[in-house]
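K.L.:
Sequence below, structure please.
(2 chains)
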Amino acid sequence: MELSRRVFVKGVAVAMAATAAGSLVACQDQTGSGGGGSGTGTDPGPSGGGAEAAIVKTKGVCRFCGTGCGVICEVKDGKLITVYGDPDNKSNMGLSCVKGLHLGQILYGDDRFVKPMIRDDKNTKGTPGGLREATWEEALDLVSTKLQDTWRNDKSRLAFWGSGQQPITEGYALAKFWKAGLLCNNIDPNARLCMASAVVAFMNVFQTDEPMGSYTDLDLADVFVTWGANMAEAHPVLYSRLTARKVSGPGVKHYDITTLRTSTSKTADKVLMFRPGSDLAVANAISNYLIQNNLYDKDFVEAHVQFKEGAENLGHAYEDGYDASDAGKTVNDVTGIDFARFSERMSTYTLEYASQISGVPAADIEELAKLFGDPDKKIMSLWTMGVNQHTRGTWMNHCIYNIHLLSGKISKPGSGPFSLTGQPTACGTAREVGLFAHRLPADLVVNNPQHRRYAEAIWDLPNEYLDAIEAPGKHTVRIFRDLSKGDIDFLWSCANNWAVTLPRLTRYLGKNPEYKGIIDAFIVVNEPYPTLSTQYADVVFPAAMWVEREGQYGNAERRTAVFEKAVDPPGEAMWDTWIFLQVAKRVLEGTMIGSTPAFDHLFGFVWDSATDDLIADQREVNRRLFNEYRIFSNPDLNDAAQAINKDSEGKFEALLKMENKQLAPYDEYLDNAALTWPVREVDGKWLATTWRFAEGKQSEGFDEVGIEMYGDAGKPGGVSFYKSAGKKPSAVFRPYEPPAEEPDAEYPFWFCTGRLLEHWHSGSMTRRVPNLDNALPEALLYMNADDCAALGISNGDKVKVTSRHGSFDITATTDQRVAPPAGMTFAPFFAEEALINLAVHDYYCPLSKEPDYKKTCIKIEKA
Amino acid sequence: MSIPLPSVLKGLAALSVGIAAGYQFFSTGTTRKALLRPPGALDEPEFLSHCLRCGKCGLACPYRVIKYDDSLSQGTPYLIAREGPCRLCDDFPCIAACPSAALAPVADKRAVKMGIAVIDRDLCIALQGMRCEVCYRVCPLIDEAISIEYSLRKGDSHHAIFEPVINAEKCVGCGICEERCIISDPVAIYMKPRGS
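P.N.:
Model prediction:
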């Protein structure tokens, strides 16, 4: 009997991990809606299945975290039956996490929106009811009329909130519609909530928004430092790679710098537990130690680094008027200083001083500093939201770069600072196509005239046409604060769930009589499933999910990957590009660019005039959009753009050098998911770049072409930072400044938010997968056992959490999955019923405008 | 707004139909010998002689997971871990409610001995290199009763195996890992009741 069970069991494992095969599949529903796939290959079909349809395989990319695991989708009778890790994908080699293993099921929750929905009575907002089915014609006309009215009346009163989950071409089409079509900068992505601090620091330090290293560094490093990152849960497969290096590399060490013990701390050799906000002091102490003990790389620093200090005593961004205040206006100011001045500023941060502020033993900081001072050690820093969601998030990014610049551990195989991303295409879309309020595609910014001329050339716009968008628009927090005050009349969002993920929801969700704007504004949401956000929508457009259309993601290591369409969306759901362009067509009716109608001018190349609709072939639409977007990084494809790039008339100050960010033609990505940009054509082959700014052969992943064109060979460390001003990145001194709130008698606990492995972000997808929901059915408040005892709280008790900003109810636990020290608490944000963001404050980093989700002060009472 | 049932779910359902018979037979065979008793239960013969079949432990259980069944348990209390495991309450109300000391007081949750978790190595996806370890993370005695052993994945220098390992000395057999296991029908980790 045991034997027979084993046989069955093995069958199951094989079926789940590889291909659904044999008679088991024959039990499946045969009434599928017909394949919409454009697969890469077919299998002859299950043996013994008779006349059954073949299984079609398509290539995909996981749509959860920023790791970017490749997957294979198997489709039969128009249904996605299996998703498994792509064994040929170099990044994940067939592996996945439990979320990835259940990817296929996210399409098949039983409450998909399959028709456009309209809310007739605004009084039903904030309730599960109130939406009725509508035709596409009615919904598109209604949204277009509202958008057009607001647009003609006052552009500052409309806004789009985009996402690091929108595929590249969809984001690009949207950015073009908003910036060139509506001439409006009120568009910002949810990446403002996770990557903005990283982005601002990238631009400040390197003048380019990209990591220089890659995942390959995980295979080569001698020391890993995780800063405010629970990689073990938030980047599961990438963490497997780090762990593989740890268990196989001789003497490989991992230091976890954190405010609470997480799953990541458990595998670390040493945990440096710091008091919230004091990580700046710890990082500065390492920099100072390197300087004071002559352990920094002098040749490297001399050749490659310039020094700066900036505006300080910034106060805290909480009041609506902060950005326009005296402090708020100066936050970006920096001054060049010499190394002596930089060293002097750093000299305050002795090991003892940092220890006193942070609570980290001086000996532990010294141990890590010595490793940075060892020229033979390859060190990789990895960080995520603990660093970015920080009232001094941009500064903290600077502090990490300072250490790597001083030690010369950057742009070298196995050594480098690496900013991880949390969404599948936070880099590829939100950051690269220009979804931010101040950006244009490919690192260009609206307030730079040369950048506007360059965009005008590619979009074939009249000279100075884009001067209308010279001033940056509203950032995310500003959009939602203005919405709450009644200063936004039209809000549209896509691929996000702002009613769960924004901080300080008590203000935004209309629960405060002072802030009822969300009820009055006209809100449009593109969504596959009912969420808390759709409860506030006036119109819901039913959106195609993931592989229900073809799209592209760009992951944390500059890797661009296409996912093919595998199945048709259910009911009348449509892909976002179609929705955007249908609205654009209506809104731009009557607007001319030069002598042509604006819509035709901007989107005629993807429009089929015979059917008066988007070209039906999705691959072709994607190809055309991508190849136009690609001109931004390959100016030689457009003479007018090239003239501006090369500044042939001598009008501009700096060389744009757009071609160093190169992307390959679209079709190259269909066959190769491993192209990390810049992608260079060398002898007819498209070659990726693994280590940016590093000397070596292009064919081995080094930046040979870039250095040859713009950089200097033979410099110390074998690197040349040719994108930085003067080819020198900036080490900027940033002091420790205290958090916005600190525990006191009334609110004695820190509250930190984050993510856990089984669920992704607001849970709108993973909670609809029964196995994932069963594995982690409830969001808990993780507390220290001594704190619980002092408050008379038992494991499993319901508690009420209150901050100065709001309150929520949740179950408390002393389980050690997340183990906070005394005075610290933690909860994940995937659960709508324990809506933790009601209490989280919305103080943001004054430079990046990214809110701090990690340091709200709370009190806890037994409910 | 009705959407056809997910094919993946159906696929898995089909799989589970395929093996359900085998599993049922197997597990019934086992459970006849040994049931997962509530915490504090005396050794099986003694337990059977003390238990009054009064049902008070089940009424006292705040999670309502204690079952009684005429044919299977003849009125004595037991748990089906996958449906409802023991939450190891701080104050063990089930034990307090037992009038016959069939459930005897325990010092704390670490002193409970309902059984031992067993990982089915053929089913466990963590052993294939998938990042799962749900059983580990839900364990109320994490890093004591269950820990993770790290090793390089065979034939893959880029990834590690995160293998959950049960410590038979420390596992109390509460069944929470079996309840939460990501693999269903059969689950990849199951309770071996004490005395079986």
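K.L.:
Let me know the pLDDT of the residue lying closest to A:Glu550 once chain neighbours are set aside.
P.N.:
Distance criterion CB to CB, 6 or more residues apart in numbering or on different chains; nearest residue to A:Glu550, sequence neighbours excluded, is A:Lys565 at 4.4 Å. Just so you know, the C-beta spots here come from the backbone N, C-alpha and C atoms, and that holds for glycine as well. Looking at A:Lys565, its pLDDT is 97.
K.L.:
neighbours of A:Lys565, just the number please.
P.N.:
26 (other CB atoms under 10 Å in any protein chain shown).
K.L.:
ok, now how distant is it from A:Pro375?
P.N.:
A:Lys565 sits 50 Å away from A:Pro375, taking CB to CB, to the nearest Å as the criterion.
K.L.:
And for B:Ser100?
P.N.:
If you go by CB to CB, the gap between B:Ser100 and A:Pro375 works out to 73 Å.
K.L.:
Neighbour count: those two, which is higher?
P.N.:
Neighbours per residue (other CB under 10 Å) separate B:Ser100 from A:Pro375, with B:Ser100 holding more: 15 against 11.
K.L.:
That one reaches B:His50, doesn't it?
P.N.:
Yes. B:Ser100 lies in contact with B:His50 (CB atoms under 8 Å); the separation is 4.8 Å.
K.L.:
where do the contact lists of these two overlap?
P.N.:
In terms of CB atoms under 8 Å, 6 or more residues apart in numbering or on different chains, B:Ser100 and B:His50 are not both contacted by any residue.
K.L.:
quick one, strands of chain B?
P.N.:
Remark: strands assigned in chain B by DSSP state E are B:115-119, B:146-152, B:160-166, B:189-193.
K.L.:
Reformat the ones you listed as TSV; add mean pLDDT and mean neighbour count.
P.N.:
Formatted as TSV, those follow (pLDDT from 0 to 100; neighbours: other CB atoms under 10 Å in any protein chain shown):
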stretch	mean pLDDT	mean neighbour count
strand B:115-119	98	21
strand B:146-152	97	16
strand B:160-166	98	20
strand B:189-193	97	23
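K.L.:
Let me have those in CSV, extended by distance to chain A.
P.N.:
Output for those, formatted as CSV (distance: least, CB to the nearest CB, whole Å):
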stretch, distance to chain A
strand B:115-119, 12
strand B:146-152, 5
strand B:160-166, 4
strand B:189-193, 12
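K.L.:
Out of these, flag the one nearest A:Ala598.
P.N.:
strand B:160-166 (54.2 Å; CB to CB).
K.L.:
quick one: the closest one to strand B:115-119, angle?
P.N.:
With axes from the mean of the first three to the mean of the last three CA atoms, to 10 degrees defining the directions, strand B:160-166 sits at 160 degrees from strand B:115-119.
K.L.:
partners of strand B:160-166, with directions?
P.N.:
Strand B:160-166 has the following strand partners under DSSP bridges: strand B:146-152 (antiparallel).
K.L.:
Dump the C-alpha coordinates for the partner strand into PDB.
P.N.:
C-alpha atoms of strand B:146-152 as PDB (Å, rounded to 0.1, in the frame of the first residue of the first chain):
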ATOM      1  CA  ILE B 146      11.600  22.700  12.500                       C
ATOM      2  CA  SER B 147      14.600  24.300  11.000                       C
ATOM      3  CA  ILE B 148      16.000  24.900   7.500                       C
ATOM      4  CA  GLU B 149      19.100  23.100   6.200                       C
ATOM      5  CA  TYR B 150      20.800  24.800   3.300                       C
ATOM      6  CA  SER B 151      22.700  23.000   0.600                       C
ATOM      7  CA  LEU B 152      23.700  23.600  -3.000                       C
END
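K.L.:
Now for A:Ala775, how many residues are close by?
P.N.:
23.
K.L.:
wait, it sits on B:Glu179?
P.N.:
No. With contacts counted by CB under 8 Å, A:Ala775 stays clear of B:Glu179, the gap being 9.3 Å.
K.L.:
Where does the prediction get shaky in the chain?
P.N.:
Going with chain A. Applying pLDDT under 70 to chain A picks out residues A:1-52.
K.L.:
I was after chain B.
P.N.:
Looking at chain B by pLDDT under 70, you get B:1-33.
K.L.:
All the helices of it, residue numbers only.
P.N.:
Ranges of helices within chain B are B:7-33, B:44-50, B:56-60, B:93-97, B:134-138, B:176-180, based on DSSP state H.
K.L.:
What of the stretch 201-350 of chain A?
P.N.:
A:231-234, A:236-248, A:263-267, A:279-292, A:298-304, A:326-330, A:339-346 (DSSP state H, counting those that start in this stretch).
K.L.:
In JSON lines: those helices, plus mean neighbour count and distance to A:Glu137.
P.N.:
Formatted as JSON lines, the helices of the stretch 201-350 of chain A follow (neighbours: other CB atoms under 10 Å in any protein chain shown; distance: least, CB to CB, whole Å):
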{"stretch": "helix A:231-234", "mean neighbour count": "26", "distance to A:Glu137": "42"}
{"stretch": "helix A:236-248", "mean neighbour count": "24", "distance to A:Glu137": "44"}
{"stretch": "helix A:263-267", "mean neighbour count": "21", "distance to A:Glu137": "50"}
{"stretch": "helix A:279-292", "mean neighbour count": "25", "distance to A:Glu137": "54"}
{"stretch": "helix A:298-304", "mean neighbour count": "17", "distance to A:Glu137": "59"}
{"stretch": "helix A:326-330", "mean neighbour count": "13", "distance to A:Glu137": "46"}
{"stretch": "helix A:339-346", "mean neighbour count": "17", "distance to A:Glu137": "63"}
